[in-house]
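In: following is a predicted model, sequence given first.
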Amino acid sequence: MTARSTFHFATTKGGALIALLFCLGGPTSAAPPDVSKAPAGASACLGCHGASETELPSLNKLSESEIESAMDAFRTGAREATLMNRIAKGFTPDETRALAQWLVTQGRAP
Amino acid sequence: MSLTRRTLLATTAAALAAPSLAQAPAKVVVIGGGFAGATAARFLQREGVSVTLVEPNAQYISCPFSNAVLAGLRNLSQQTFTYKAIAAQGITIAQQAATQIDAQARRVTLTDGTVLTYDRLVMAPGIDLNFASLPGYDEAASTLMPHAWKAGAQTTLLRQQLEAMPDGGTVIISAPANPFRCPPGPYERASLIAWYLKTNKPKSKLLILDAKDAFSKQSLFTAAWKEIYGDMIEWIGLSGGGKVTEVKARENIFVTEFGEHKADVGNVIPPQRAGRIATIAGATDQTGWCPIDPVTFEAKLVPNIHVIGDAAVGGGMPKSAFAANAQAKACAYAVSALLRGDNPAEPKLINTCYSLVKPDYAISVAGVYAPAKGLLADVQGAGGVSVANAPASVRAAEAHYAEGWYKTITQEVFG
Ligand SMILES: Cc1cc2nc3c(=O)[nH]c(=O)nc-3n(C[C@H](O)[C@H](O)[C@H](O)COP(=O)(O)OP(=O)(O)OC[C@H]3O[C@@H](n4cnc5c(N)ncnc54)[C@H](O)[C@@H]3O)c2cc1C
């Protein structure tokens, strides 16, 4: 799918708008996937794990490797859980790595 | 006129109308300020999009945990949120209902006649109760036999009826066929009402009349009911004659193909469909729900309109606040990518629904979903329900986590 009137945003790491191009008409060529955006599934994590600590831990305090190894342990069953094991099984090790990386960079809960 | 030419003309007209267009961010209108729409508005705004959120109510009253209000375990004020933080973030709030949508011209008309234009529209109107499909049940009947399936005055009414009921009375809940908002909701409700009855009116009974033969977390609910409530709760499924075909609201009677059931308190959870504005926009199919593209959430029936939350269908995701919030974020990133002319990334979505069976006792269902064959399909090997026969400590931990989920999600959406 292509947008017919195309707005182009260049964003900083934090998502601030720094430049904008406008081109009129004509289909745009297929752009490469935007790596600055949340990898599959990562933004859903924030529904339970937000900026502040509740009955559930905030991910903001965890490092990338802590998130990744926790998810790996939930997936393999090395770490017991009420629910996280059921979710971690839905992500491959590669997806888990991408998700952990995003969570500690762009994905910090505001 | 070809679509391309018309779009070009519209774009040119927009360029003439707005001389400073080179600085103008793309415009998205979001209809509905619930878990889906409010989340989408916030994430789109953070992506640099200019967002108007259309929502008629000044306050949002949340359904999750409203079953605990029925049991007297919570107040409705703990369910109530405002749009102040959302407005403070820089989102324009139009406190109106959307009444018309012109998908070709990309225009939304509001109750007061205001017309909003958009580059893309996100529609998240939640559900409408499908009164036409249940003879005897309508808005007026719901003041006698509440549905309490939209939280607020209906929740308060059902609570008052339960409080007024004498010990030894019968509460009847009717549950609809799939799909409907919150698949485990009727059974969580039955559990928490039973808690109230057990602790206040122990001679009472609770009957569930169901239009289906199986329900969410069924074996966990059934085992917990037996263990905690003995034979207080009775469930009659479709093949046992549980499907309600008519209600007689003045007499508190549920009619099934097998006969009539008279209640002291009758809670009718009627069949549902997408909020009416989705049909006005042409986004609903014959089932009353909006089929969507699993990557962009764009309606399969209308271009440039994205549907998220309870109003959407297309795969295994249940209609939950958790799912609505997760879909909204994926949709916001997809819409933002489309507006930039980028390819949206394939999303993966998560759902988690906790149900309270009594205080300090919860069970859960989880799922992971990804686009497959045009649908948001279950990722095999992931998801499922809480373990059977778990010790009380596990059920207590899940009740504790449920509280955490509610705090986090309501903070992300409204805080
Ligand atoms: C008893 C009960 C318990 C539940 N418990 C849970 C739970 O524990 N966990 C969970 O995840 N989910 C739960 N749910 C489900 C959850 O409430 C819904 O899935 C969720 O609210 C869906 O969000 P939504 O944004 O799609 O719709 P809604 O939250 O209904 O929001 C829709 C919004 O759109 C607005 N609107 C409608 N039409 C228009 C229009 N024409 N113009 C402008 N605005 C409009 C409405 O005013 C409303 O604010 C429960 C539901 C019930 C009934």
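Out: Great, that's in hand.

In: assign the residue in chain A positioned nearest to the ligand to helix, strand or coil.
Out: Nearest to the ligand, among the residues of chain A, is residue A:47, at 8.8 Å (C-beta to the nearest ligand atom). C-beta: built from backbone N, CA, C; applies to glycine. Using DSSP: H, G, I helix; E, B strand; the rest coil, the structure places residue A:47 in coil.

In: wait, it sits on residue B:325?
Out: Yes. Counting by C-beta atoms under 8 Å, residue A:47 does reach residue B:325; the two are 5.0 Å apart.

In: more neighbours, these two?
Out: Each of residue A:47 and residue B:325 has its neighbours counted (other C-beta atoms under 10 Å in any protein chain shown); residue B:325 has more, 29 against 25.

In: helix/strand/coil for the more buried one?
Out: Strictly by three-state DSSP, residue B:325 counts as helix.

In: please tell me I have it right and it contacts residue B:413.
Out: Yes. Contact criterion C-beta under 8 Å: residue B:325 and residue B:413 qualify, at 6.4 Å.

In: before we move on, the earlier item: from residue B:174, how far out is the residue of chain A closest to the ligand?
Out: Per C-beta to C-beta, to the nearest Å, residue A:47 is found 31 Å from residue B:174.

In: what residues are up against the residue of chain A closest to the ligand?
Out: Residue A:47 is in contact with B:322, B:325, B:326, B:350, B:352, B:405, B:408, B:409, B:412, counting by C-beta atoms under 8 Å, 6 or more residues apart in numbering or on different chains.

In: can I assume residue B:194 sits in a helix?
Out: Yes. Checked against three-state DSSP, residue B:194 lies within a helix.

In: what's the closest non-adjacent residue to it?
Out: Closest residue in space to residue B:194, ignoring its immediate chain neighbours: residue B:229 at 4.7 Å, by C-beta to C-beta, 6 or more residues apart in numbering or on different chains.

In: quick one on the thing from earlier: ChimeraX command for the buried members of the contacts of residue A:47?
Out: To isolate the buried members of the contacts of residue A:47 in ChimeraX, using 16 or more other C-beta atoms under 10 Å in any protein chain shown:
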select /B:322,325,326,350,352,405,408,409,412
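
In: need the strands for chain A, in chain order.
Out: Along chain A, counting by DSSP state E, strands occupy A:6-11, A:17-23.

In: joint contacts of residue A:47 and residue B:325?
Out: Common contacts of residue A:47 and residue B:325 (C-beta under 8 Å, 6+ apart): B:409, B:412.

In: got the phi/psi numbers for the closest residue to residue B:144 other than its chain neighbours?
Out: Distances taken as C-beta to C-beta, 6+ apart place residue B:249 nearest to residue B:144, at 4.3 Å, with adjacent residues excluded. Taking degrees, to the nearest 10, you get phi -60, psi -40 for the backbone angles of residue B:249.

In: thinking again about what came up before, anything in contact with each of residue B:325 and residue B:413?
Out: Residues touching both residue B:325 and residue B:413 by C-beta under 8 Å, 6+ apart: B:35, B:39.

In: near the ligand, which residues of chain B?
Out: Residues of chain B lying close to the ligand (C-beta under 6 Å from any ligand atom) are B:31-37, B:54-57, B:60, B:63-64, B:66-67, B:97-98, B:124-126, B:149, B:181-182, B:185, B:189, B:275, B:277, B:309-310, B:319-322, B:324, B:353-354.

In: of those residues, buried ones?
Out: The buried subset of those - by 16+ other C-beta under 10 Å - is B:31-37, B:54-55, B:60, B:63-64, B:66-67, B:97-98, B:124-126, B:149, B:181-182, B:185, B:189, B:275, B:277, B:309-310, B:319-322, B:324, B:353-354.

In: okay, and the beta partners of the nearest residue to residue B:311 once chain neighbours are set aside?
Out: Leaving aside its chain neighbours, residue B:311 sits nearest to residue B:274 (3.7 Å; criterion: C-beta to C-beta, 6+ apart). Beta bridges link residue B:274 to residue B:127, judged by DSSP bridges.

In: could you check how far residue B:274 is from residue A:78?
Out: In terms of C-beta to C-beta, residue B:274 sits 43 Å off from residue A:78.

In: neighbour count: those two, which is higher?
Out: Shown here are residue B:274 and residue A:78; by other C-beta under 10 Å, residue B:274 has more neighbours (27 against 10).

In: following the host helix or strand of residue B:245, which helix or strand shows up next?
Out: Using DSSP states H and E, residue B:245 maps to strand B:244-248. Once the chain leaves strand B:244-248, the next helix or strand it forms, by DSSP H and E, is strand B:253-256.

In: if we ignore the residues flanking it in sequence, what's nearest residue 108?
Out: In the absence of a named chain, chain A is used. residue A:60 (5.5 Å).

In: could you do chain B instead?
Out: residue B:116 (4.7 Å).

In: again, but for residue B:97
Out: Closest residue in space to residue B:97, ignoring its immediate chain neighbours: residue B:56 at 4.3 Å, by C-beta to C-beta, 6+ apart.

In: now the longest strand seen in chain B: buried residues?
Out: As assigned by DSSP E, the longest strand anywhere in chain B is strand B:361-372. For strand B:361-372, a neighbour-count test (16+ other C-beta under 10 Å) marks B:361, B:362, B:363, B:364, B:365, B:366, B:367, B:368, B:369, B:370, B:371 as buried.

In: isn't residue B:350 right next to residue B:368, touching?
Out: Yes. In this structure, residue B:350 is within contact of residue B:368 by C-beta under 8 Å, at 5.6 Å.

In: what touches both of those two?
Out: With contacts defined as C-beta under 8 Å, 6+ apart, the residues shared by residue B:350 and residue B:368 are A:41, A:87, A:90.

In: looking at it, the first one is touching residue A:96, isn't it?
Out: No. Taking contacts as C-beta under 8 Å, residue A:41 lies outside contact range of residue A:96: 9.3 Å.

In: sort out for me which of the residues of chain B next to the ligand are in helices.
Out: Assigned to helices by DSSP state H, the following of the residues of chain B next to the ligand qualify: B:35, B:36, B:37, B:66, B:67, B:185, B:189, B:277, B:321, B:322, B:324.

In: tell me which of those is nearest to residue B:159?
Out: Nearest to residue B:159 out of those is residue B:66 (C-beta to C-beta; 9.6 Å).

In: grab the nearest non-local neighbour of the closest one.
Out: residue B:151 (4.2 Å).

In: can you check residue B:55 too?
Out: residue B:33 (3.3 Å).

In: report the distance from the longest helix along chain B to the chain centre.
Out: Identified as the longest helix of chain B according to DSSP H is helix B:392-414. With C-alpha atoms, centre = their mean, to the nearest Å as the basis, helix B:392-414 stands 18 Å off its chain's centre.

In: in that helix, what counts as buried?
Out: For helix B:392-414, the neighbour count (16+ other C-beta under 10 Å) marks B:394-395, B:397-414 as buried.

In: now the one residue in the stretch 151-300 of chain B that gets nearest to chain A, nearest residue through space, not along the chain?
Out: Nearest residue of the stretch 151-300 of chain B to chain A, counting by C-beta to the nearest C-beta: residue B:296, 6.9 Å away. Closest residue in space to residue B:296, ignoring its immediate chain neighbours: residue B:334 at 4.4 Å, by C-beta to C-beta, 6+ apart.

In: who's in contact with that neighbour?
Out: Counting by C-beta under 8 Å, 6+ apart, residue B:334 has contacts B:295, B:296, B:297, B:306, B:344, B:345, B:347.

In: now for those, which pair is the farthest apart?
Out: Using C-beta to C-beta, the two most remote members of the contacts of residue B:334 are B:306 and B:345, lying 15.2 Å apart.

In: of those two, give the one with the bigger neighbour count.
Out: residue B:306 (29 against 18).

In: re the thing from before, pretty sure the residue nearest to residue B:194 sits against residue B:193.
Out: No. Counting by C-beta under 8 Å, residue B:229 does not reach residue B:193; the two are 10.1 Å apart.

In: looking at the two, which has the bigger crowd around it?
Out: Neighbour count, other C-beta under 10 Å: between residue B:229 and residue B:193, residue B:193 has more, with 24 against 18.
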